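Colleague: Sequence first, then the predicted structure:
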Amino acid sequence: GEDVEQSLFLSVREGDSSVINCTYTDSSSTYLYWYKQEPGAGLQLLTYIFSNMDMKQDQRLTVLLNKKDKHLSLRIADTQTGDSAIYFCAEIGRGATNKLIFGTGTLLAVQP
Amino acid sequence: DAGITQSPRYKITETGRQVTLMCHQTWSHSYMFWYRQDLGHGLRLIYYSAAADITDKGEVPDGYVVSRSKTENFPLTLESATRSQTSVYFCASSDGGVAGKNIQYFGAGTRLSVL
């Protein structure tokens, strides 16, 4: 079935790099997404990557996609306390329904 | 205000009562979604809608009812609330995906407690 897996928790020190990992199931997914949820708020799109790309960089964010292993990662350089949040990866569900399948989310705690 | 809004933000109710959570978007997005967020489960899709008057079940639809008489509104009703429906509920909308991009935009959520 469709299942997106993430580790539940990551703790880093301010200024270090954070790497959040995700494995997905559908090799035909055209887009893969990273969403950020701050405390008490809804999810906001952070970045996305098209499946024909291996890497996408956007300021402090780097997304790496390994299609062979169905592995997606999000690297945050120079992590700040404001980056503390839950990060969800997501893939498009099967069929023409525009559904997204979300992972369980990774809580990133940034220590000052 | 432009965007996607949910109301109420917080709701406490009792088991057996009917509760309706509201969702309104101003973008005229064709797709709308309802999720619930529970610890250890991430986001689970309850119902979604591809257009007005078109709705379909998601992963966890039991105990919920939706309607979509207007493009901009997508209310979620708990017909007879149970404690297991205590959760945070998120509504989202999407334009269906320009070139398949399918970006979903989320409301701020409704925290529901069923006592």
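Modeller: Yes, it's here.

Colleague: Name the helix or strand of chain A that has the lowest mean pLDDT.
Modeller: In chain A, the helix or strand scored least confidently by mean pLDDT, DSSP states H and E is strand A:100-102, which has a mean of 89.

Colleague: from the middle of its chain, how far away would that strand be?
Modeller: 11 Å (Cα atoms, centre = their mean, to the nearest Å).

Colleague: Quickly list what B:Thr106 is bridged to.
Modeller: No, residue B:106 isn't Thr; it's Phe. Going by DSSP bridges, B:Phe106 is paired in beta bridges with B:Ala92.

Colleague: Near it, how many other residues are there?
Modeller: A count of neighbours around B:Phe106, defined by other Cβ atoms under 10 Å in any protein chain shown, yields 22. Glycine gets a C-beta too; all of them are placed from N, C-alpha and C.

Colleague: Pairing partners for the helix or strand just after the least confident helix or strand of chain A, with directions?
Modeller: Moving toward the C-terminus from strand A:100-102, the first helix or strand encountered (DSSP states H and E) is strand A:106-111. The strands that strand A:106-111 pairs with in its sheet are strand A:9-13 (parallel), strand A:85-92 (antiparallel) (by DSSP bridges).

Colleague: Okay, now the unreliable bits of the chain?
Modeller: In the absence of a named chain, this looks at chain A. Regions of chain A meeting the criterion pLDDT under 70 cover residues A:1-2, A:94-97.

Colleague: right idea, wrong chain: chain B
Modeller: B:1-2, B:97-100.

Colleague: hey, which strand is longest across chain B?
Modeller: Assignment by DSSP state E gives strand B:42-51 as the longest strand of chain B.

Colleague: Check the offset of that strand from the chain's centre.
Modeller: That offset, for strand B:42-51, works out to 7 Å (Cα atoms, centre = their mean).

Colleague: That strand and chain A, are they touching?
Modeller: Yes - contact of strand B:42-51 with chain A (Cβ under 8 Å from any Cβ of the partner chain) involves B:42-43, B:45, B:48, B:50.

Colleague: Output these as JSON lines; include the columns distance to B:Thr110 and neighbour count.
Modeller: Shown next, in JSON lines, are those (distance: Cβ to Cβ, whole Å; neighbours: other Cβ atoms under 10 Å in any protein chain shown):
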{"residue": "B:Gly42", "distance to B:Thr110": "17", "neighbour count": "22"}
{"residue": "B:Leu43", "distance to B:Thr110": "14", "neighbour count": "26"}
{"residue": "B:Leu45", "distance to B:Thr110": "16", "neighbour count": "22"}
{"residue": "B:Tyr48", "distance to B:Thr110": "17", "neighbour count": "26"}
{"residue": "B:Ala50", "distance to B:Thr110": "23", "neighbour count": "17"}
